[in-house]
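Enquirer: Quick one: sequence and predicted model below, then my questions.
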Protein chains: 4
Amino acid sequence: MLIVMDPQATDEQLQKVREAVEALGFRAEPIPGQQRTAIGVLGNQGYVDDSTIRELAGVREVIHVSKPYKMVSRDFHPESTRVRVGAFEIGGGAAPVIMAGPCSIESEEQMMRAAREVKAAGAHILRGGAFKPRTGPHSFQGLGEQGLKFLRQAGDETAMPVITEVMRIEQLELVSRYSDVLQIGARNMQNFDLLKEVGKFGKPVLLKRGMSATLEEFLGAAEYIVAEGNDQVILCERGIRTFERATRNSLDLSVVPLLHEMSHLPVIVDPSHATGKRSLVPVMSKAALVAGADGLMIEVHPEPEKALCDGAQSLTGDGFSQLMQEMQSLMKYLGY
Amino acid sequence: MLIVMDPQATDEQLQKVREAVEALGFRAEPIPGQQRTAIGVLGNQGYVDDSTIRELAGVREVIHVSKPYKMVSRDFHPESTRVRVGAFEIGGGAAPVIMAGPCSIESEEQMMRAAREVKAAGAHILRGGAFKPRTGPHSFQGLGEQGLKFLRQAGDETAMPVITEVMRIEQLELVSRYSDVLQIGARNMQNFDLLKEVGKFGKPVLLKRGMSATLEEFLGAAEYIVAEGNDQVILCERGIRTFERATRNSLDLSVVPLLHEMSHLPVIVDPSHATGKRSLVPVMSKAALVAGADGLMIEVHPEPEKALCDGAQSLTGDGFSQLMQEMQSLMKYLGY
Amino acid sequence: MLIVMDPQATDEQLQKVREAVEALGFRAEPIPGQQRTAIGVLGNQGYVDDSTIRELAGVREVIHVSKPYKMVSRDFHPESTRVRVGAFEIGGGAAPVIMAGPCSIESEEQMMRAAREVKAAGAHILRGGAFKPRTGPHSFQGLGEQGLKFLRQAGDETAMPVITEVMRIEQLELVSRYSDVLQIGARNMQNFDLLKEVGKFGKPVLLKRGMSATLEEFLGAAEYIVAEGNDQVILCERGIRTFERATRNSLDLSVVPLLHEMSHLPVIVDPSHATGKRSLVPVMSKAALVAGADGLMIEVHPEPEKALCDGAQSLTGDGFSQLMQEMQSLMKYLGY
Amino acid sequence: MLIVMDPQATDEQLQKVREAVEALGFRAEPIPGQQRTAIGVLGNQGYVDDSTIRELAGVREVIHVSKPYKMVSRDFHPESTRVRVGAFEIGGGAAPVIMAGPCSIESEEQMMRAAREVKAAGAHILRGGAFKPRTGPHSFQGLGEQGLKFLRQAGDETAMPVITEVMRIEQLELVSRYSDVLQIGARNMQNFDLLKEVGKFGKPVLLKRGMSATLEEFLGAAEYIVAEGNDQVILCERGIRTFERATRNSLDLSVVPLLHEMSHLPVIVDPSHATGKRSLVPVMSKAALVAGADGLMIEVHPEPEKALCDGAQSLTGDGFSQLMQEMQSLMKYLGY
């Protein structure tokens, strides 16, 4: 439930409303805005009788939110949220941030080489997977903590913040020691307990859209994190599962502007997992920028043909360097 | 089946191969290329014993095509095809062509007003539906021939070629009298008899992708037209049906570069049907240009709120004018 | 729009309502029922101002139907429709009718052999395709009229009505000379002009659900036929297109009881196209009967491994014979 | 990789093969069978050079498994696995086991009443959710441990084993104290760390298919559990996400016989979540039995209209009792 106050409502009126909300057993979350003041009511499950609130002085409107999210919506928080990662800002009109690196961390040498290549090309944040969610247990599961060390070291040597996936609650402490951003993978988008714990942790989070998640479900998942007090959440479109198999997934690029309408959170795009084809990554990266993406996450591998994971969709260092030049030109054209 | 000849193969060797193909009861279609000469074998159904061909002098390779298309593939015809509509060329690196107009033709006045607005904004081709495929029989089915007359008149007065949908074989003569391009709608993409007749007709065709058509099926449908001798076919991505309902369909923009890899035919995008939301049309139009679309088809209505059909996805004249300016700037940036 | 009358409404009141409807330019279709009398309003496109009707004596309720169908709905026509094919009745609680035969008619011998085998096993109606919708133009397109002759002959010799697909309006006369039921394939489910002409033709129609057709669209397509005066329409679920490729399509068996709730038309199931796997056909045939299917359409081929089309999903004569015995036992259990 | 031995292979030959496998750095898992002996090779990632193994005495065949699962496949383990829950056996031809109860545990009274109703009707296992995965954080999240106590108490008083969902690793101990079966929900099907821990735990597991999980992914997920040494895994089809919204999900009933071909694990069906509509649950329950389901999981609520969760798909006690009678008759017909 959202209580919208009159622009002229006094502090005293606001306080009365908060008390009324709490008297009903809920939590009142004031949402200061330049145009209007509002109070978000959290903790209600199902319909709430609003008669005691609706008639209070200064209340303009009571909106019953039937959606599974509230705090991540633009109605609730009209201004765009910027997520800070090291020196970079993501969202809210900031220049798009490029995250790049290998799908999985395979060795110190591979990680260092990839880091130097993407840094030289102009990437901002270094990615690499140490814990890998694989369809079957007999596939390469990642190097674990050893991988995290290689990633941190490569980030430090190239002066880039790093991002890596966390798959279970017990890994949170460990992964946080090494990583600047916590990535939640598509398969864990509705692992609600992980979301809650990540929300309490306070580090920036990159949340990937589930393979068949509607936008409502996607924002509902983000709400789990934000409801714990952490609004530093980056949404990531990475392709949805459809009948079409000519691409690995179907990149649903229209959701970039649509999510910007619905939510104040930044939205980035992963064209590598979305298309699954190296040849499509550059053109779709640029299309994503034009669609308004606040950043990109791109797989780059020094030797894609030897990659233990997702080689077919990884750019080479040279391919990425070429793409970065094209993107820098395009960003300039777009006014960043 | 595709027979690839040695670069040094002589005309005589080529002729021998053709005779061998015809002796098997098939048709041999020579495919001249700058790098290599090839012969397409048409008319075979199922597996063909190639032993009598494989051993002929000058034959480098015999490729058994298991795909449902051959003549529309880039393997078969490496150079991009340009489709000519009036003074415009579509595909093959030509500047993107913008088709615009109302979903359905509602009256002489509405059509004229729409035509003047889109022309003033810089559109190249005028669209409008006279025969409308509607989910149920009790909805507005279009003005029929009267609508065609309004469309032609509007096109003539504003000096724009026109495009409109043809829904049945018996309408072909009629629609062709009024329209410069024959549009096949998504629901008829696998109306194979209509495709064959349209193929014989010789006018440029715009073929929309079916709601759940794979690229293989899409190209197979185009093959029906081209196999009848008409290579003036424009492919149109208009969104696919997925689980997601936040948009009307899911715009599958990755298929633009992918279709360009697979086929020599031009590819355009219809962001209006794909997204179903006015606010998303401009940004996705520009993303489509960056993805390499050879053109766009955009719904514009003088008064969208009064439209008999698809008002929610139609731009106003002003909205379209604004978009055209942005697109012209973008095309310039892209080097057109 | 549906006008529901009071149970006590007089004939005079009914007549007044009809006149009011016609004064608005629409057609009034009385729907006699045992519980209530209603009047369907046909021909309106978009919203209708009902104020002149709502206030008439005897009117209990005016229902604005926003769905694309009306005449096929159970609200409009509460009693189940039975479709008559030769001596058989389909729907409305009649014993399930089994249609069987090869996917495509390949030769006189193949057709005769298949007919004898399915007849001996207990099938009721003979199927076989003479015009085949194929993804690409280079695949076997069916024997055409020659095939129709073989089918008719096989049906006559084995005393079975026959069913075959019609793909274009100009074939209607021809196909009707040979076939007792006109089949509309999944790819033509929204070939609305074909539906209209089939509706005028007056022969029983079997309408297959499109690959990605919602039930609303499916019933909207059936409405096109019924709106032309032909209520002898059989709906056929044949699997929908989803992300899953372990089966050819995903058999959506829940729609059998759901369509029975929504519509008065009979519903049959095609487990062969739905699953695409011979081993799954028997078990899913029986599950379909339990789900309330009014019949089944099953592919049977004397030598599936040599079939020109869909061999992998065709039962052998022996396999079908075994299945028929199991189904006859099950039908007995189900009380038919 | 799977090494199939000759039926006459000696123990010594078997031992040599195991040593050769271990020399390659992998684990050899002997799979005793009545027809043949085989050795599963675990731990390999990617292709393995089998030349040192293929030539050993007694080796009949070396099968390179490219699928993400091996131990759950029927090739690996031809005999059906029976899962034991209390006095009941699930799978392998045992009579179908019916699990029933409310979606979520709401109070002691509601749980007790539901338990008595389903027990009286003939259900075997009691279900109820204490930890509820909800799309948004502001919805009812379940009663937690208090709910577990109510469930256990209700199970004890009605002499039924109980099943409930576990959502996070830290809950495993707690949930296991109260529950006889551990349920993994659809949203957690690829929460691989949870799967591994559940695998180590040793209690029977019910694994629900993810909303858009292919069968390969479903079996890959089951493999994570079985690879940890726990083969007591029940697969549960609960509907997949498709374009169709007339039902909550699309019940993919064909996968029941298909999973039985592919895997030795028992397969049950949840018609409540699959259809989302009370009226469809009974008919689809019976269709599932005919399709070969080894059991059913059905939502029953004493007062569905007051349910905090999923009321629209819950049967009343009376409705369930009626269905149980029909199912008992059907099971008798089916020979159980």
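Expert: On my side now, so go ahead.
Enquirer: quick one: the helix or strand that contains A:Glu261 near chain B?
Expert: Element membership for A:Glu261 (DSSP states H and E) is helix A:255-262. Yes: Helix A:255-262 reaches chain B (CB under 8 Å from any CB of the partner chain) through A:255-258, A:261. All C-beta atoms are positioned from the backbone trio N, CA, C, and that covers glycine.
Enquirer: Output the contacting helices and strands for that helix.
Expert: Secondary-structure packing of helix A:255-262 (3 or more CB pairs under 8 Å, 6 or more residues apart in numbering or on different chains; DSSP states H and E): helix A:215-226, strand A:233-237, strand A:267-269, helix B:281-290.
Enquirer: Assess the claim that A:Gly229 and A:Phe201 are in contact.
Expert: No: here A:Gly229 lies out of contact with A:Phe201, judged by CB atoms under 8 Å, at a distance of 10.0 Å.
Enquirer: about what we covered before: can you put the helices and strands packed on helix A:255-262 in CSV and add mean pLDDT?
Expert: Output for these, formatted as CSV (pLDDT from 0 to 100):
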stretch, mean pLDDT
helix A:215-226, 96
strand A:233-237, 98
strand A:267-269, 98
helix B:281-290, 98
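Enquirer: Tell me how chain A divides into domains.
Expert: Domain ranges of chain A: A:2-63, A:83-334, per automatic domain parsing.
Enquirer: Lowest mean pLDDT across the ones you listed, which one is that?
Expert: Across the domains of chain A, domain A:2-63 has the smallest mean pLDDT, namely a mean of 78.
Enquirer: Could you list the residues of the stretch 151-300 of chain A in contact with chain D?
Expert: A:167-170, A:187-188, A:190-194, A:196, A:211-212, A:216-217, A:220, A:223-224, A:227, A:241.
Enquirer: so which of the domains of chain A gets nearest C:Val118?
Expert: domain A:83-334 (32.5 Å; CB to CB).
Enquirer: just to revisit the earlier point, A:Gly229 and A:Phe201: which has the busier surroundings?
Expert: Neighbour count, other CB atoms under 10 Å in any protein chain shown: between A:Gly229 and A:Phe201, A:Phe201 has more, with 20 against 11.
Enquirer: these two touch, right, the more buried one and A:Gln171?
Expert: No: A:Phe201 is not in contact with A:Gln171 according to CB under 8 Å; the separation is 11.3 Å.
Enquirer: Chain A: strands as residue ranges?
Expert: A:2-5, A:27-31, A:38-42, A:59-63, A:83-85, A:88-90, A:97-101, A:125-127, A:162-165, A:181-184, A:205-208, A:233-237, A:267-269, A:295-299 (DSSP state E).
Enquirer: what's the last one packed up against?
Expert: What it means is strand A:295-299. Partner elements for strand A:295-299 (3+ CB pairs under 8 Å, 6+ apart): strand A:97-101, strand A:267-269, helix A:271-275, helix A:281-290, helix A:317-334.
Enquirer: go on, the first one?
Expert: Strand A:2-5 sits against helix A:11-23, strand A:38-42, strand A:59-63, with contacts defined as 3+ CB pairs under 8 Å, 6+ apart.
Enquirer: And the residue of the stretch 1-150 of chain A closest to chain B?
Expert: A:Lys67 (11.6 Å; CB to the nearest CB).
Enquirer: excluding its backbone neighbours, what's nearest that residue?
Expert: Nearest residue to A:Lys67 in three dimensions, chain neighbours excluded: A:Glu216, at 6.3 Å (CB to CB, 6 or more residues apart in numbering or on different chains).
Enquirer: which residues touch that neighbour?
Expert: By CB atoms under 8 Å, 6 or more residues apart in numbering or on different chains, the contact set of A:Glu216 is A:67-69, B:246, D:135.
Enquirer: Which of those residues ranks first by neighbour count?
Expert: A:Tyr69 (26 neighbours).
Enquirer: neighbours around A:Met160, how many?
Expert: A:Met160: 24 neighbours (other CB under 10 Å).
Enquirer: Hmm, A:Leu126 and it touching each other?
Expert: Yes: judged on CB under 8 Å, A:Met160 makes contact with A:Leu126 at a distance of 4.3 Å.
Enquirer: any residues in contact with both of these two?
Expert: Shared contacts of A:Met160 and A:Leu126, defined by CB under 8 Å, 6+ apart, are found at A:115, A:118-119.
Enquirer: PyMOL command to pick out the buried ones of the residues of the stretch 151-300 of chain A next to chain D?
Expert: Remark: buried members of those, expressed as a PyMOL selection using 16 or more other CB atoms under 10 Å in any protein chain shown:
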select buried, chain A and resi 167+168+169+187+188+190+191+192+193+194+196+211+212+216+217+220+223+224+227+241
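Enquirer: Out of the residues of the stretch 151-300 of chain A next to chain D, list just those in helices.
Expert: A:192-194, A:196, A:216-217, A:220, A:223-224 (DSSP state H).
Enquirer: which among the residues you listed gets closest to C:Tyr336?
Expert: A:Glu217 (43.6 Å).
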